[in-house]
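Enquirer: Predicted model follows, preceded by the sequence.
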Amino acid sequence: MPGTDLRLLPARAVHAQAVARLVRLAMPEHQHARWDAARIARRIRSPNCALVLAAAGRYLAGAAVLDLLSEQAQIALLAVHPQYRRLGIGSALLGWMEATASTAGLFTLQLKLEASNGAGRAFCFAHHFHERGRLPAFYADGTAAVRLVRDLRVNSEPA
Ligand SMILES: CC(C)(COP(=O)(O)OP(=O)(O)OC[C@H]1O[C@@H](n2cnc3c(N)ncnc32)[C@H](O)[C@@H]1OP(=O)(O)O)[C@@H](O)C(=O)NCCC(=O)NCCS
């Protein structure tokens, strides 16, 4: 329940079904369809990918998938259960992904978001992401995406 202590922990193969259930609750159908348990299990096994869970007591409150690419890190998934929103869980998952990307020597964090996702955009802007382009008809149903980027360097201002 909200208010319970939050723990972040790495996902294991046994968690794939629970993460797929969470994604179904947290995201609209045209977004969650591609995150089935088989795909999540592949991401958990992948050495180029980090999947983190947010547990509130016994409940799975959130999950995130970070892809470690050659020049940048990409947030492939960030989802918080609707009953656990605005409690800082998305921010905690993002903080974990930022630390993981930096540790891997990657200082650019990006994600693609449905252009009409107002909550997602507000969350990203609150965390200093900047919009870097629009991708028309990016998703299978023809909707547009925006690319959002965050520079993770401690002092990213020009000298
Ligand atoms: C976007 C999402 C991950 C945010 O998770 P969350 O745990 O509720 O986020 P936090 O509590 O850490 O919010 C941090 C800040 O982001 C901003 N924010 C988050 N949700 C917001 C909303 N619905 N409207 C406006 N601002 C919002 C606020 O500034 C908030 O701080 P505040 O609560 O002190 O005002 C969650 O809404 C979600 O899972 N949405 C569906 C999946 C999705 O869109 N994924 C893409 C994520 S970028």
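Expert: Nice, I can see it.
Enquirer: Follow the chain on from the helix or strand hosting residue 111 and name the next helix or strand.
Expert: If you go by DSSP states H and E, residue 111 is part of strand 108-114. Downstream of strand 108-114, the first helix or strand assigned by DSSP H and E is helix 118-126.
Enquirer: Tell me who's in contact with residue 153.
Expert: residue 107 (C-beta atoms under 8 Å, 6 or more residues apart in numbering). C-betas here are computed from N, CA, C, even on glycine.
Enquirer: With adjacent residues omitted, what lies nearest to whichever residue of the chain sits closest to the ligand?
Expert: Closest approach between the chain and the ligand, counting by C-beta to the nearest ligand atom: residue 90, at 2.5 Å. Nearest non-adjacent residue to residue 90, counting by C-beta to C-beta, 6 or more residues apart in numbering: residue 80, 4.9 Å away.
Enquirer: I'd say the one you found and residue 27 touch.
Expert: No: assessed by C-beta atoms under 8 Å, residue 80 is found out of contact with residue 27, at 10.1 Å.
Enquirer: In terms of pLDDT, where does the residue of the chain closest to the ligand sit?
Expert: Looking at residue 90, its pLDDT reads 98.
Enquirer: Repeat that for the one 4 residues further on.
Expert: Residue 94 carries a pLDDT value of 98.
Enquirer: Residue 140 too?
Expert: So residue 140 comes in at 80 (pLDDT).
Enquirer: Correct me if wrong: it contacts residue 29.
Expert: No: using C-beta under 8 Å, residue 140 is not in contact with residue 29; the gap is 11.4 Å.
Enquirer: Quick one: neighbours of the residue nearest to residue 108 when sequence neighbours are not counted, just the number.
Expert: Computed as C-beta to C-beta, 6+ apart, the closest residue to residue 108 that is not its neighbour in sequence is residue 72, at 4.0 Å. Residue 72: 15 surrounding residues under other C-beta atoms under 10 Å.
Enquirer: Phi, psi for residue 72 please.
Expert: phi -160, psi 170 (degrees, to the nearest 10).
Enquirer: my guess is residue 22 contacts residue 64, does it?
Expert: No: if you go by C-beta under 8 Å, residue 22 and residue 64 don't touch, sitting 10.8 Å apart.
Enquirer: Cool, thanks, talk later.
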